[in-house]
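# I would like the atomic coordinates for the input below:
(one chain, ligands or ions: 2)
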Amino acid sequence: MSEPSQAESRKLSRRSLITTGLAATAGALGLGAAARFAQSYGLIPPDHAGIYGLGETLTYASQRLLTRHSLAREFLRSQISKPPFRNEMPPLNDAYKRLQAGGFADWKLSVNGMVAQPASFSLDQLKSFPSHSQITMLQCEEGWSYIAEWIGVPLSRILESVGIHPQARYVVYTSIDPEWWESIDMADAMHPQTFLAYGMNGGELPLGNGGPLRLRVPRQLGYKSVKFVTQLTVTDSMKKFGKGLGSASPEGGYAWYAGI
Ligand SMILES: Nc1nc2c(c(=O)[nH]1)N[C@H]1C(S)=C(S)[C@@H](COP(=O)(O)O)O[C@H]1N2
Ligand SMILES: [Mo]
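Ligands and ions are numbered 1, 2, ... in the order given. Next up is the predicted model:
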């Protein structure tokens, strides 16, 4: 292996310095001081004020420093789970059923917020971008998991096409089912494995798995992979969304950052 360049090793040593600093601060001065340390480096997750806020801050901060560029494990085609699992879902709403009756021809993904050109994409338009695939595991917080091939367009490609403002920090994504919404930071939004997925295992994405369109965030737990996605909003702050905790999950006691 070649030696890391000077810039790279400088970046690495700065990163390990901050991580060591976080751990040392947590050890010597307690979690509160470590959280203040993380804040000075912009490493505070939106749900930091919750009961587990300090723990969430340390988890998010150290994950971001150590693994921001790491890849979720990819599997072989022979390892795909048959059949693909899906969790139980309440009956879908009328808005969904209407679109389904039309073969999803009128399904739209709108992209707005801190973007140069707000836009709206049909499924056909999304499919006209070069398609990518990944064989990754979806892991539910309840302990089960499955491996599938996901086909779609990297979220970064769509964000680049609308032009995101430099101050953007999060992408909020909403389902046609208003109870399901999440957000991720820009590191995960621009990550090459974060997909808008419209296909699975060589075919269309089944309804049970979120068809016609879901977000796939393989570096986080299953609940971040919201099904039936209809809207993306780019923002610099999560304060104005829901209770301001980053997504529906922390409102129900789950962590906003669900890195695995
Ligand atoms: N709209 C919507 N998205 C959702 C859910 C849901 O019930 N509704 N469940 C989440 C949870 S908790 C998990 S673990 C995964 C499950 O994905 P699967 O059904 O493809 O296994 O979807 C996530 N996205
Ligand atoms: Mo889940």
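
# residues from the chain in reach of ligand 1?
85-87, 89, 138, 140, 175, 177, 180, 209-210, 222-223, 225-228 (C-beta under 6 Å from any ligand atom). Backbone N, C-alpha and C define where each C-beta goes, glycine included.

# skipping adjacent residues, who's closest to the residue of the stretch 151-260 of the chain at minimum distance from ligand 1 in space?
With C-beta to the nearest ligand atom as the measure, G222 is the residue of the stretch 151-260 of the chain nearest to ligand 1, at 2.6 Å. Using C-beta to C-beta, 6 or more residues apart in numbering and skipping the chain neighbours, the partner closest in space to G222 is C140 (4.3 Å).

# quick one: contacts for the one you found?
87, 221-223 (C-beta atoms under 8 Å, 6 or more residues apart in numbering).

# pLDDT score for it?
Here the pLDDT value assigned to C140 is 95.

# check the one 3 residues further on too.
pLDDT, the model's per-residue confidence, is 91 for G143.

# quick one, phi/psi of it?
phi 110, psi -20 (degrees, to the nearest 10).

# count the neighbours of it for me.
For G143, the number of neighbouring residues by other C-beta atoms under 10 Å comes to 6.

# do the same with G246
28.

# whichever of the residues of the chain next to ligand 1 end up buried, select them in ChimeraX.
ChimeraX command restricting the residues of the chain next to ligand 1 to the buried ones, with burial defined by 16 or more other C-beta atoms under 10 Å:
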select :138,175,177,180,209,210,222,223,225,226,227,228
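
# and this structure, what are its domains?
Here the domain assignment for the chain is 6-67, 77-251, based on automatic domain parsing.

# format these as JSON lines; extra columns: distance to I260.
Output for the domains of the chain, formatted as JSON lines (distance: least, C-beta to C-beta, whole Å):
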{"stretch": "domain 6-67", "distance to I260": "10"}
{"stretch": "domain 77-251", "distance to I260": "6"}
